[in-house]
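1. no sequence for this one, just the structure:
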């Protein structure tokens, strides 16, 4: 397995633009997590899916953030409109609920 | 929700020495996990210890868990330059598999 695949690796966008981050979890994993990492706040859980269903989105900072998981092999995190304070590294991770998480390499988002 | 908190925050050691870092948490847990993050990369799962276990080994890693003190330690023996990374502890609760991560320990191993 190629692991958790995230795209793009880097994204630079202007304030107000829509940003879509993508994630392909490991085949067979039934849980998927979106995290945001910043120096100030560390790793924050944004949203968590189990069997493609959103279970907990309490970490989503604002209505500007939305996430979907249309099937077991794909998830998106969308920010619309983006703001400079959204600049961070966004990680997707998947799990089979038995062992630890497998993280993707992350998307470094810069909003200017 | 649980929040792992590592201590100390930064550690600089010579290659070959042992590195020890600690983690504390606040509520009951089902398991505690340690992850490593190399600069610019995602987190890599190192080891998981369940609440009914007290010690676990994996290669040069040794993890202890004291549920009465709500704390864990990660020991890396005979450190190598490649061990330079940030190390995070994360706690998982009963009835869910969400992990809460601490802020991380930065470890620098000097060749």
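-> Structure's in. What do you need? As the structure is a prediction and not an experimental result, all values here were calculated from the model. Numbers count the residues shown, from 1 in each chain, chains lettered A, B, ... in the order given.
2. helix/strand/coil for the residue of chain A positioned farthest from its centre?
-> Centroid-distance maximum for chain A: residue A:98 at 21.0 Å, with CA atoms, centre = their mean. Secondary structure state of residue A:98, per DSSP: H, G, I helix; E, B strand; the rest coil, is coil.
3. is stretch A:50-61 positioned near chain B?
-> Yes: counting by CB under 8 Å from any CB of the partner chain, chain B is contacted by stretch A:50-61 at residue A:56. Every residue, glycine included, has its C-beta placed from N, CA and C.
4. may I see the buried residues of that stretch?
-> A:50, A:55-56, A:59-60 (16 or more other CB atoms under 10 Å in any protein chain shown).
5. between the residues you listed, which sits nearest chain B?
-> Chain B lies nearest to residue A:56 out of the buried residues of stretch A:50-61, by CB to the nearest CB, at 6.7 Å.
6. isn't the closest one up against residue A:50?
-> No: taking CB atoms under 8 Å as the definition, residue A:56 is not a contact partner of residue A:50, at 9.2 Å.
7. how about the strands in chain A?
-> All strands of chain A, identified by DSSP state E, fall at A:5-7, A:10-13, A:19-24, A:31-38, A:42-50, A:53-56, A:65-71, A:74-79, A:88-95, A:102-103, A:107-111.
8. who wins for proximity to residue B:25 among those strands?
-> strand A:42-50 (14.5 Å; CB to CB).
9. in its sheet, which strands sit next to that closest one, and in what direction?
-> The strands that strand A:42-50 pairs with in its sheet are strand A:31-38 (antiparallel), strand A:53-56 (antiparallel) (by DSSP bridges).
10. turn the ones you listed into JSON lines, columns for mean pLDDT.
-> Below are these laid out as JSON lines (pLDDT from 0 to 100):
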{"stretch": "strand A:31-38", "mean pLDDT": "95"}
{"stretch": "strand A:53-56", "mean pLDDT": "92"}
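11. nearest to residue A:77, out of those strands?
-> If we rank these by CB to CB, the stretch that ends up nearest is strand A:31-38, at 5.1 Å.
12. can you give me the buried ones in the closest one?
-> Neighbour-count burial for strand A:31-38, counted by 16+ other CB under 10 Å, picks out A:31-37.
13. how far is it from where the chain is centred?
-> Relative to its chain's centre, strand A:31-38 lies at 5 Å (CA atoms, centre = their mean, to the nearest Å).
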